[in-house]
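Asker: structural data only, the sequence is not supplied:
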């Protein structure tokens, strides 16, 4: 293959992990799908950090995994609790029987962001507060 010109190649930068703290967040994407095990419906959420002193904060990924018929009562309760926590933090409207995933993108809220690691790569994740 001949030389392929790509201007600016090598000038890109890596996203940075932010220190643990409370941040203003904006939901930039919400994609409906299935979990890795293909046992539950889920929504993959991508959030941007709005008020970080880090120059290139990485996106925060969060998954809303819905209960399935194989879940026991405690698993179902945990999933429902986490979904409720997330929707309340971001003021996403919902009803007792569900949520419209189209209402999620663009929502904003403040939440504790903690440092984590995925497959050996540092990242950030949400630490949702208890439901009141």
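Answerer: Nice, I can see it. On a predicted model such as this, the values are computed, not experimentally measured, just so you know.
Asker: tell me the mean pLDDT over the helix or strand hosting residue 114?
Answerer: Assigned by DSSP states H and E, residue 114 belongs to strand 108-118. In this model, strand 108-118 has an average pLDDT of 96.
Asker: who does it touch, helix- and strand-wise?
Answerer: strand 21-34, helix 73-89, strand 121-127 (3 or more C-beta pairs under 8 Å, 6 or more residues apart in numbering; DSSP states H and E). Heads up, the C-betas are built off the backbone N, CA and C, glycines and all.
Asker: adding mean neighbour count and mean pLDDT, write those out as TSV.
Answerer: Below are the helices and strands packed on strand 108-118 laid out as TSV (neighbours: other C-beta atoms under 10 Å; pLDDT from 0 to 100):
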stretch	mean neighbour count	mean pLDDT
strand 21-34	15	96
helix 73-89	15	96
strand 121-127	16	95
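Asker: compare those and report which one is nearest to residue 61.
Answerer: Between residue 61 and these, the tightest spacing by C-beta to C-beta is seen for strand 121-127, at 7.6 Å.
Asker: closest to residue 96 out of the helices and strands packed on strand 108-118?
Answerer: Using C-beta to C-beta, those put helix 73-89 closest to residue 96, at 10.7 Å.
Asker: great, nothing more from me.
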